[in-house]
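just the structure for this:
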Amino acid sequence: MAESGGAQRPPRSGRPAERQADPALLADRLPPHSVEAERALLAACMRENGPEVLTDCLTQKIDADSFYRAAHRNLYAALLELNSQGREIDEITVEEKLRTMGLLEATGGRAAINEVAESVNSTAFASTWLQIVKEKAVLRRLIRLATQTVERSYESPDDIPAFLAEVESEIFRIGEAQVSDSAQRIDQPLDQVIRMINDILARRHTSFGVRSGFYDLDKLTFGFHEQEMIVLAARPSVGKTSFAMNVAENIAIRTAQNPEPKGVLVFSLEMSAESLAQRLLCSRAEVNMNKLRDGFSTSEEQRRIVESAGEIKEADLFVDDEGSLNILELRAKARRIATRNNLGLIVVDYLQLVAGMDNRASRENQIAEISRGLKAMAKELNVPVLVLSQLNRESEREKREPRMSDLRESGSIEQDADVVMLLHRPRNNEEEEGENEGSGDREKIRLVLAKQRNGPTGAIDLSFLRSCTRFANYAALEEVSG
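Numbers count the residues shown, from 1 in each chain. Take a look at the predicted model:
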């Protein structure tokens, strides 16, 4: 967990609580509710990744009336107001919002707000609390409707068919509120597809997605597309991070080949921001990092470093190097950056380092949850997400090209991914082995496109410059060396 206090267990419902005045509910029985779940859910909405939890609440159609206690209804209404205005949420802003709404005293003042905010120290069970609140609210609405139906039935309504139709409509409305509006007419996505096809034809089949900067890869994928989850997997020290950062550089930095750069957000759960910046700078300047650390660099290399530093500084490149992020925290941070910047790519380095939400679950189930969350983030933010992942040792043991089944810890990764790319050093024949050993600084790396939902699979060769940990188009370097 990212926070030290540990996760709070889902609260049990049904504990006696103060009775709320509601003439439509049966007077002699306590309506279904869970004050603990309501308090915990509100507290989760007020934590650092509160916007993520609030988004889930809105998706599940939780409104103020979903809360049993009047004070909780007031708090949730204030949270919705702050969220709609894009303001930060904490105890101070909530108190001020309640004051402007004229509800601070009725809610219990600052003491009540603090009590709610401090009731939990983790959002790990936010989805469980949300489900409890939702279920209790549905039951109360059904009781309310049933009670009203009984009372009206005793009054012998004149138009029985109209009365039945009205009751049926109310029950349907309650059921309808439990389902999110995700369906849409086919003409809407069809129009997007037609525009995309026209764009391809107008540009003579050039890439219509976000270009990686690697020509052979872009020919196969037509670029990285919005809402896609792209998995890049390899064994340790093959170059996952280097390749991902080269792609990020190609997207974020303005060049003649990239006249309209886009922002890139990198979650570096393994390397510090400083280490990543050093690698990016030396890679772009094509300067040997080891020699630089020893204080050896030519005037030409120093010129390239200064020039590359200026280019990188102008780029909308964001690095978050906080370790032990869970998927909720990661999505909340990404949403915050995406709302303020035009992101063309999000990089997660790497999937197995994302913390699980429930430490009691198996690691396979945790990875499955993280993978689904990353795919959901790509769809929500409408941005391609490049997820780095580790491979197991099977391909090395069997001395073969890696396969999707080699993805470490969970088969759900290959199911959720739209594109799966596997990096490896080709060592299957003596010719390739000899080429890699005898080519000095340059090494040939094979990139296998093992899965692509909307396109072909295949493999391409890349050149890896060991001294500056930089990937380059293989054909381009062949021409230069020739």
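
which helix or strand in the protein has the lowest average pLDDT?
helix 430-438 (a mean of 43; mean pLDDT, DSSP states H and E).

quick check: next helix or strand after that one?
strand 442-452 (DSSP states H and E).

parallel or antiparallel, list what pairs with that following strand.
strand 419-424 (antiparallel), strand 458-465 (antiparallel) (DSSP bridges).

hey, which of those strands is tucked in deepest?
The highest average neighbour count among these, using mean count of other C-beta atoms under 10 Å, belongs to strand 419-424 at a mean of 24. For glycine as for every other residue, the C-beta is placed from the backbone atoms N, C-alpha and C.

where does this structure have low pLDDT?
The chain contains residues with pLDDT under 70 at 1-28, 175-189, 192-193, 196-197, 199-208, 293-296, 408-411, 427-440, 475-482.

any chance you could map the strands in it?
Secondary structure of the chain, counting by DSSP state E: strands at 229-234, 263-268, 317-320, 343-349, 385-390, 419-424, 442-452, 458-465, 470-473.

would you turn those into a markdown table with distance to residue 328?
Converted to a markdown table, the strands of the chain look like this (distance: least, C-beta to C-beta, whole Å):
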| stretch | distance to residue 328 |
| --- | --- |
| strand 229-234 | 17 |
| strand 263-268 | 13 |
| strand 317-320 | 14 |
| strand 343-349 | 14 |
| strand 385-390 | 15 |
| strand 419-424 | 25 |
| strand 442-452 | 27 |
| strand 458-465 | 35 |
| strand 470-473 | 33 |
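
residues in contact with the residue positioned nearest the centre of the chain?
Per C-alpha atoms, centre = their mean, the C-alpha nearest to the average position across the chain is that of residue 377, at 3.2 Å. Residues in contact with residue 377 (C-beta atoms under 8 Å, 6 or more residues apart in numbering) are 330, 331, 334, 346, 385.

need the residues you listed in CSV (columns: neighbour count and distance to residue 465).
Output for the contacts of residue 377, formatted as CSV (neighbours: other C-beta atoms under 10 Å; distance: C-beta to C-beta, whole Å):
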residue, neighbour count, distance to residue 465
330, 25, 31
331, 22, 35
334, 25, 31
346, 26, 26
385, 27, 27
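
for residue 353, which non-adjacent residue is spatially closest?
Leaving aside its sequence neighbours, residue 353 sits nearest to residue 269 (C-beta to C-beta, 6 or more residues apart in numbering; 3.9 Å).

from memory that neighbour sits against residue 351, does it?
No - applying C-beta atoms under 8 Å, one finds residue 269 not in contact with residue 351, separated by 9.1 Å.

who's more crowded, those two?
Applying other C-beta atoms under 10 Å to residue 269 and residue 351 shows that residue 351 carries more neighbours, namely 23 against 20.

wait, doesn't residue 224 sit right on residue 212?
Yes - taking contacts as C-beta under 8 Å, residue 224 lies within contact range of residue 212: 6.4 Å.

which of the strands of the chain sits closest to residue 91?
Of all these, strand 317-320 sits nearest to residue 91, with 25.0 Å by C-beta to C-beta.

which elements pack onto the closest one?
Secondary-structure packing of strand 317-320 (3 or more C-beta pairs under 8 Å, 6 or more residues apart in numbering; DSSP states H and E): helix 240-252, strand 263-268, helix 273-285.

will you turn these into a markdown table that also has mean neighbour count and distance to residue 198?
Below are the helices and strands packed on strand 317-320 laid out as a markdown table (neighbours: other C-beta atoms under 10 Å; distance: least, C-beta to C-beta, whole Å):
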| stretch | mean neighbour count | distance to residue 198 |
| --- | --- | --- |
| helix 240-252 | 24 | 24 |
| strand 263-268 | 24 | 27 |
| helix 273-285 | 19 | 35 |
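
out of those, the one nearest residue 463 is which?
The nearest among these, by C-beta to C-beta, is helix 240-252 at 11.3 Å.

on that earlier part again, report the separation between the residue nearest to the centre of the chain and residue 340.
16 Å (C-beta to C-beta, to the nearest Å).

and what of residue 89?
Residue 89 is 16 Å from residue 340, by C-beta to C-beta.

give me the more crowded residue out of those two.
It is residue 89, of residue 89 and residue 340, that has more neighbours when counted by other C-beta under 10 Å, with 20 against 11.

can you redo the strands paired with strand 442-452 as TSV with distance to residue 281?
Output for the strands paired with strand 442-452, formatted as TSV (distance: least, C-beta to C-beta, whole Å):
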stretch	distance to residue 281
strand 419-424	22
strand 458-465	15
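
tell me the contacts of residue 71?
So residue 71 contacts 106, 107, 108, 112 (C-beta under 8 Å, 6+ apart).

so which of those residues is the closest to residue 418?
Distances from residue 418 to the contacts of residue 71, taken by C-beta to C-beta, are shortest for residue 107, at 45.5 Å.

just confirm the closest one contacts residue 76, I think it does.
No - Residue 107 is not in contact with residue 76 according to C-beta under 8 Å; the separation is 10.5 Å.

how about the contacts made by the residue nearest to residue 287 when sequence neighbours are not counted?
Excluding the flanking residues, the one nearest residue 287 by C-beta to C-beta, 6+ apart is residue 301, at 4.8 Å. By C-beta under 8 Å, 6+ apart, residue 301 lies in contact with 285, 287, 292.

tell me the spacing between residue 301 and residue 347.
27 Å.

what's the answer for residue 90, then?
In terms of C-beta to C-beta, residue 90 sits 29 Å off from residue 347.

higher neighbour count, those two?
Neighbours were counted for residue 90 and for residue 347 using other C-beta under 10 Å; residue 347 has more, 24 against 15.

is the more buried one bridged to anything, and to what?
residue 266, residue 386.

now do the phi/psi pair for residue 33.
Dihedral pair for residue 33: phi -170, psi 170, per degrees, to the nearest 10.

number of residues surrounding the nearest residue to it once chain neighbours are set aside?
Counting by C-beta to C-beta, 6+ apart, residue 68 is the residue found nearest to residue 33 once chain neighbours are left out, at 3.7 Å. Other residues within reach of residue 68, judged by other C-beta under 10 Å, total 24.

so who does residue 68 touch?
Residue 68 sits in contact with 17, 20, 31, 33, 34, 35, 38, 136, 137, 140, where contact means C-beta under 8 Å, 6+ apart.

redo those residues as a markdown table? Include distance to residue 248 and neighbour count.
Formatted as a markdown table, the contacts of residue 68 follow (distance: C-beta to C-beta, whole Å; neighbours: other C-beta atoms under 10 Å):
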| residue | distance to residue 248 | neighbour count |
| --- | --- | --- |
| 17 | 51 | 16 |
| 20 | 53 | 15 |
| 31 | 53 | 18 |
| 33 | 48 | 23 |
| 34 | 45 | 22 |
| 35 | 47 | 19 |
| 38 | 42 | 29 |
| 136 | 46 | 22 |
| 137 | 44 | 24 |
| 140 | 50 | 20 |
